[in-house]
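**Student:** whatever this is, show me its structure:
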Amino acid sequence: MRNLLDTHPLAHALIWIAVYIVAVNIGDAVGELLAFPSLTGILLIVLSVVLVVSLRGARRLAFFGLRRVQPGRGRSTLWYVPLFAIVLVPYVNGFAVGVDAPSVLSALLLVAGVAFVEELLFRGFLLQALRSQGSTTSAILISGVTFGVGHVVNLLRGYALAEQLLQIVAAVVIGIALAYCAVLTGSILPGIVFHALFNLGAALTPSTVRADAITVAVIAVVMIPYVLFLRARLARVGPALDSPPASVS
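**Tutor:** Predicted coordinates for the structure are as follows:
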């Protein structure tokens, strides 16, 4: 996989995305069979460790944004404020029925694994692979759309079609915003924290088509002008996330 990372980064990214999808679906299926809902979260934590060890060996942790916000870009983390604001939106509907300590712990394990792996795969591997083949702006847009549309696999996890369409719309806009923030700050760590908190809200609050539609509407109202602002900032200050080396193809 290390040779693939250097010679065919896009194939490398897509393979890891496929591995992630398979791991989630196996974890869900086996976890349901064994009445062990935490299995998927455990598998994703293991996958996270494997990815970190692999990237540490290849000395690519920083290249894919697993580092602090870059010097001189500390104020850029303020650009995450609109994202963290929408974390609170799902709680307007209150907590879901049956939320207790074990379910919260299981949800925490799952959202931590999902947030880390998805941010690394989409705002790390895929974003950088696309940057190596085109402009940073096109890479941001394509990675964001791919992230959103990729949520269609949740239909295999029992999601209703209407619920899934709303999730895809929200994920596309959020994915684009997260990609801009990663490039501007040079780090995916704030994005991982946001992603975990956002998913935790979805896990602990009731999900109905009406509630989800309201959430997506609020996200759209906040995120669309926010993305345009981030686009203008990137044009002015340039990227902090390292550009792929010329030798990467």
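**Student:** C-alpha from now on. contacts and neighbour counts both.
**Tutor:** Noted.
**Student:** distance of the residue lying closest to residue 191 once chain neighbours are set aside from residue 26?
**Tutor:** The spatial neighbour of residue 191 that comes closest, neighbours along the chain excluded (C-alpha to C-alpha, 6 or more residues apart in numbering), is residue 178 at 6.2 Å. Here the distance between residue 178 and residue 26 works out to 28 Å (C-alpha to C-alpha, to the nearest Å).
**Student:** who has more neighbours out of those two?
**Tutor:** The residue with more neighbours, out of residue 178 and residue 26, is residue 178; 28 against 15, by other C-alpha atoms under 10 Å.
**Student:** hmm, the more buried one is touching residue 123, no?
**Tutor:** Yes: assessed by C-alpha atoms under 8 Å, residue 178 is found in contact with residue 123 at 7.4 Å.
**Student:** helices or strands up against whichever helix in the chain runs longest?
**Tutor:** When the chain is scanned for its longest helix (criterion: DSSP state H), the result is helix 209-237. If contacts are counted by 3 or more C-alpha pairs under 8 Å, 6 or more residues apart in numbering; DSSP states H and E, helix 209-237 sits against helix 81-86, helix 161-185.
**Student:** and residue 209, how many neighbours?
**Tutor:** Under the neighbour criterion other C-alpha under 10 Å, residue 209 is assigned a count of 13.
**Student:** the one 4 residues further on too?
**Tutor:** Summarising burial for residue 213: neighbours were counted as other C-alpha under 10 Å, giving 17.
**Student:** can you give me the helices in this structure?
**Tutor:** Listed in chain order, the helices found in the chain under DSSP H are 2-7, 9-33, 39-57, 81-86, 101-120, 127-131, 136-149, 161-185, 189-204, 209-237.
**Student:** mind checking how far the shortest one is from the chain centre?
**Tutor:** Yep, that's helix 127-131 we're talking about. Centroid separation for helix 127-131 versus its chain: 15 Å, with C-alpha atoms, centre = their mean, to the nearest Å.
**Student:** per-residue pLDDT, residue 128?
**Tutor:** Predicted confidence (pLDDT) for residue 128: 97.
**Student:** ok, now which ones touch it?
**Tutor:** For residue 128, the contact set (C-alpha atoms under 8 Å, 6 or more residues apart in numbering) comprises 64, 139, 243-244.
**Student:** how much space separates it from residue 47?
**Tutor:** Taking C-alpha to C-alpha, one finds residue 128 at 20 Å from residue 47.
**Student:** check residue 123 too.
**Tutor:** Spatial separation of residue 123 from residue 47 under the definition C-alpha to C-alpha is 17 Å.
**Student:** who's more crowded, the two?
**Tutor:** Each of residue 123 and residue 47 had its neighbours counted (other C-alpha under 10 Å), and the higher figure belongs to residue 123 (31 against 18).
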